[in-house]
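**Q** Need a 3D model of the sequence below.
(one chain, ligands or ions: 1)
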Amino acid sequence: MENGEMVLLRTFLNEKPREFIVCVSEDAFHSDFGIIELSELFRLSPGDRICSHKGQEFIVQKPRMPDMFRHAQRSGAPMMPKDIGMVVAYTGLCKNDVVLDAGTGSGVLSMYLGSIAKNVITYEIKENFANLARNNISKAGLHNVEVRCGNIVEEIDKIEEKFDVVTLDTINSPEVVPKVRRVLVPGGFVVTYSPFIEQTIAIRKALDASGPWDVMTIECIERPLSVSERGTRPGTGGVGHTGYITIARI
Ligand SMILES: C[S@@+](CC[C@H](N)C(=O)[O-])C[C@H]1O[C@@H](n2cnc3c(N)ncnc32)[C@H](O)[C@@H]1O
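**A** Predicted structure coming up:
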């Protein structure tokens, strides 16, 4: 593995998985499992094993997007993988697509999009959030996601590029939606995510006023199952609801 590359180290303790993301370097990594010399990773490949000085064995893997979701630094509340799955599925996002995203927040959605699409440009209004997202994106090894610091409500009027998909996860979505049509390719999509029904209604009204659109709104609910010796049933913890997704196509 190469200098600066991010690596996922996975092991089991009492049959429970434990994992760390580390960077290939000359440094040592300390945890309750002991010390791992990260320079050993230079001669290893994904699938190989590495041991701490206490003899704990880890499998070496390349981090994938769900790993980045768990390990990324947080600023704004990131979009959940189940919701991101809906964005990808309903837009048919693919490797040739160019995507505009706002607000960047922790950069989780833009990282997932960047792992599939050709290019992603994402706008974040807060400089410190933009920097945190750039750091996460760099750790994910993505070079096709550009974080621009700015207010999407104003910046979208200056954008000259055209996009296959526009994703909006910001409180200002109703103000942005009427401006999206100008930057979409024919047949392109705009997808909005809102935690509240009131915002979703405002988005639908803004879409209707700037129509026509082929539009639908969904609530994507995930219900994890609890599996044990005693039986299997829907888990009692957590809430399946995260938000509403509106998908509109010109
Ligand atoms: C809920 S977070 C987005 C999370 C992101 N989708 C992710 O998966 O990590 C919303 C973000 O939008 C940013 N934001 C709010 N208004 C904005 C605007 N007008 N232009 C750009 N970013 C904005 C906020 O600062 C915040 O970081």
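**Q** Pull the number of nearby residues for T192.
**A** Applying the criterion other Cβ atoms under 10 Å, we find 29 residues in the vicinity of T192. C-beta coordinates here come from the backbone N, C-alpha and C atoms, glycine included.
**Q** How about G85?
**A** G85 sits with 13 neighbouring residues when counted by other Cβ under 10 Å.
**Q** Identify the residue spatially nearest to it, adjacent ones excluded.
**A** For G85, the nearest residue in space outside its immediate sequence neighbours is C220; the separation is 7.9 Å by Cβ to Cβ, 6 or more residues apart in numbering.
**Q** Look up phi and psi at that neighbour.
**A** According to degrees, to the nearest 10, the main-chain angles of C220 amount to phi -100, psi 110.
**Q** list the contacts for it?
**A** With contact set as Cβ atoms under 8 Å, 6 or more residues apart in numbering, C220 has these partners: K82, D83, G85, M86, T242, I245.
**Q** Of the residues you listed, grab the buried ones for ChimeraX.
**A** Here the buried members of the contacts of C220 are turned into a ChimeraX selection, burial being counted by 16 or more other Cβ atoms under 10 Å:
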select :83,86,242,245
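**Q** R74 reaches S106, doesn't it?
**A** Yes. With contact defined as Cβ atoms under 8 Å, R74 and S106 form a contacting pair (5.1 Å).
**Q** more crowded one of these two?
**A** Using other Cβ under 10 Å, the more surrounded residue of R74 and S106 is S106, with 24 against 11.
**Q** shouldn't D48 be in contact with Q61?
**A** No. Under the criterion of Cβ under 8 Å, D48 is not in contact with Q61, lying 9.5 Å apart.
**Q** Show me where the chain has its helices.
**A** Per DSSP state H, the chain carries helices over the ranges 65-71, 81-91, 108-116, 127-139, 152-155, 173-180, 197-209.
**Q** any chance of those in JSON lines, plus mean pLDDT?
**A** Formatted as JSON lines, the entries for those read as follows, by pLDDT from 0 to 100:
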{"stretch": "helix 65-71", "mean pLDDT": "95"}
{"stretch": "helix 81-91", "mean pLDDT": "97"}
{"stretch": "helix 108-116", "mean pLDDT": "98"}
{"stretch": "helix 127-139", "mean pLDDT": "97"}
{"stretch": "helix 152-155", "mean pLDDT": "98"}
{"stretch": "helix 173-180", "mean pLDDT": "98"}
{"stretch": "helix 197-209", "mean pLDDT": "97"}
